[in-house]
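Participant: what follows is a predicted structure for the sequence shown.
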Amino acid sequence: MKVNGARLRADLESLAQIGRNKDGGIDRTAFSAEDAAARAWYKQRCDDTGLELRCDGLGNMVAGTADSWDRPAIWSGSHVDTVPDGGPLDGALGSVAALECVRRLAEEGQQLTHPVQSVVFSDEEGNYSHLFGSYGMVHGYDEGRLASMTGRAGDALTDVLQRFPWRSGGPDNRHDVSRVRQFVELHIEQGPIMEQRSIPIGVVTSIVGLGGGEIVFSGRADHAGTTPMTMRRDPARAAGAFLTRLWAIAASAGDDAVATCGRIAFSPGGSNVVPEEATLLLDFRSPHGDQVEALGEALSRAAQECAADHDVECTVRLDQPVSPVGLDEHVRDTIRSAAGSQGLPTIDIPSGAGHDSQNMARIAPTGMIFVPSHEGRSHSRFEHTDPDLLENGANVLLETLISLAS
């Protein structure tokens, strides 16, 4: 059995139009109007094939046939939210390909020992928290943690969730992860290795650990022309000093550790006003769990030191870190076998990006399939993978799911 390649490509192109900006990138921030439109698009595809779609209180969605809910199921999927000015494949490929696999099984009336269902996780890209939906599905959130989450625009998650149409009940209403027998995610590599080596299928061995959050330096707003430099309590100065330390902090944690400030905002934001606040959005990663924790501690400590050095206050709000994880050997073997039966060479490869799979691996045997990324580009409007390579990945996913479900 093969996926419907023409339908897969058409669906990816159609989904890519939702949230398309004037520069050609895609803006589908989690729980935005564009995200809601993408969910409606997904629901229509489910309806067209007679699939049921169920949402939980965190915005995660699961689709399956009417008779697939009474037994443990094989899950596959990813996410449809994007980073700002993102590309058409990160998350979207895994979500659309999983749906395509479930549709093909339904169309063929394939009788398997275990049902196969497709899933869309909410806020994988971390507008509110890294891997928000899958982490909450597996671990849950208490009310205080949810109340503390704000997005890049400063909006409160609890307010946004109340208005979002693609959720059901409160945050405690979570999909029953005890029903998940195994999980497989298809994704673009987001790096250059597979394209450089002309390998069409990557078998992911492990996923990096990651953390993030925000640091707020608070000083005093003053007139930019009349306040002497020696009398200022300028949070921008502390923020600048902190940023110069990121490289050394990452290097001190380990050769594979990275730390990034992806956004900085000043308030009130006028050129003629000494700012009152500087807010920095951070991301830090390592393939080693102890290094992720060490990075968070070192960044927090450096922020407090910079604040003290420049006579401002500092508030550190870090997300709960997501630990690195190795992926299941049996699922990896099944992926290799599926690729081999289709004459597709494979490469074992770790993932330096975070994925919902690393949360799912905590509760079920989990695997990931990579397809190449052109020039290694991702999290960019220049993200691209040739259609035949996308179809290869979807067909390997389908055969893997059938093997696991059999």
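Facilitator: Nice, I can see it. Residues are numbered from 1 along each chain as shown.
Participant: now the element after the helix or strand bottoming out on mean pLDDT in the chain, going C-ward?
Facilitator: Lowest by mean pLDDT, DSSP states H and E among the helices and strands of the chain is helix 143-148, with a mean of 90. The helix or strand immediately downstream of helix 143-148 is helix 157-163, counting by DSSP states H and E.
Participant: buried stuff in that following helix?
Facilitator: Within helix 157-163, the residues that count as buried by 16 or more other C-beta atoms under 10 Å are L157, V160, L161. (C-beta placed from N, C-alpha, C; glycine too.)
Participant: quick check, the second one in contact with A153.
Facilitator: No - when contacts are counted by C-beta atoms under 8 Å, V160 is not listed as touching A153 (10.0 Å).
Participant: which stretches of this structure form helices?
Facilitator: Ranges of helices in the chain, per DSSP state H, are 5-16, 33-49, 92-108, 132-139, 143-148, 157-163, 193-197, 235-243, 246-253, 289-309, 329-341, 357-360, 387-405.
Participant: next up, the contacts around I349.
Facilitator: The contact partners of I349, taken as C-beta atoms under 8 Å, 6 or more residues apart in numbering, are E189, I193, M194, G202, V203, V204, T205, F370.
Participant: which strand residues bridge the fifth one?
Facilitator: So the one you mean is V203. For V203, the beta-bridge partners are D348, I369 (DSSP bridges).
Participant: quick one: pLDDT of A250?
Facilitator: Among the per-residue scores, A250 shows a pLDDT of 96.
Participant: okay, now T315: neighbour count?
Facilitator: Neighbourhood size, T315 [other C-beta atoms under 10 Å]: 14.
Participant: so the nearest residue to it once chain neighbours are set aside bridges to which residues?
Facilitator: Distances taken as C-beta to C-beta, 6 or more residues apart in numbering place V216 nearest to T315, at 4.5 Å, with adjacent residues excluded. Beta-bridge partners for V216, by DSSP bridges, are T279, T315.
Participant: next, count neighbours for V216.
Facilitator: Number of residues near V216 (other C-beta under 10 Å) recorded here: 20.
Participant: over to D176?
Facilitator: D176: 11 neighbours (other C-beta under 10 Å).
Participant: look at it and report its pLDDT.
Facilitator: Each residue has a pLDDT score; the one for D176 is 93.
Participant: pull the contacting residues for it.
Facilitator: By C-beta under 8 Å, 6+ apart, the contact list for D176 is empty.
Participant: any idea how far S95 is from it?
Facilitator: Going from D176 to S95 by C-beta to C-beta, to the nearest Å gives 20 Å.
Participant: got it, and Q320?
Facilitator: Taking C-beta to C-beta as the measure, Q320 falls 24 Å from S95.
Participant: looking at those two, which has the bigger crowd around it?
Facilitator: Higher neighbour count among Q320 and S95: S95, with 28 against 14, using other C-beta under 10 Å.
Participant: what count of nearby residues applies to the residue lying closest to N21 once chain neighbours are set aside?
Facilitator: Counting by C-beta to C-beta, 6+ apart, D27 is the residue found nearest to N21 once chain neighbours are left out, at 5.3 Å. Residues contacting D27 under the criterion other C-beta under 10 Å number 18.
Participant: what pLDDT does D27 get?
Facilitator: The model reports D27 with a pLDDT of 97.
Participant: report the contact partners of it.
Facilitator: G19, N21, E34, T82, P84, D85, G86.
Participant: list buried residues within those residues.
Facilitator: Buried members of the contacts of D27, counted by 16+ other C-beta under 10 Å: G19, E34, T82, P84, G86.
Participant: tell me the phi and psi of the closest residue in space to the second one that isn't next to it in sequence?
Facilitator: Going back to what we said before, that points to E34. Excluding the flanking residues, the one nearest E34 by C-beta to C-beta, 6+ apart is G19, at 3.7 Å. For G19, the backbone dihedrals are phi 90, psi 10 (criterion: degrees, to the nearest 10).
Participant: what residues are up against G19?
Facilitator: Neighbour list for G19: I26, D27, R28, S32, E34, D35, A37, A38, T82 [criterion: C-beta under 8 Å, 6+ apart].
Participant: 7 Å instead?
Facilitator: For G19, the contacting residues are I26, D27, R28, E34, T82, by C-beta atoms under 7 Å, 6 or more residues apart in numbering.
Participant: tell me the confidence at it?
Facilitator: At G19, the predicted lDDT confidence score is 98.
Participant: for S32, see how far away it is.
Facilitator: Distance of G19 to S32, computed by C-beta to C-beta: 8 Å.
Participant: where does pLDDT dip in the chain?
Facilitator: Judged against pLDDT under 70, the chain has no low-scoring part.
Participant: residue ranges of each domain in it, please.
Facilitator: Following automatic domain parsing, one finds the domains of the chain at 5-208+324-405, 209-318.
Participant: most tightly surrounded among these?
Facilitator: Mean neighbour count (mean count of other C-beta atoms under 10 Å) peaks for domain 5-208+324-405 among the domains of the chain, with a mean of 20.
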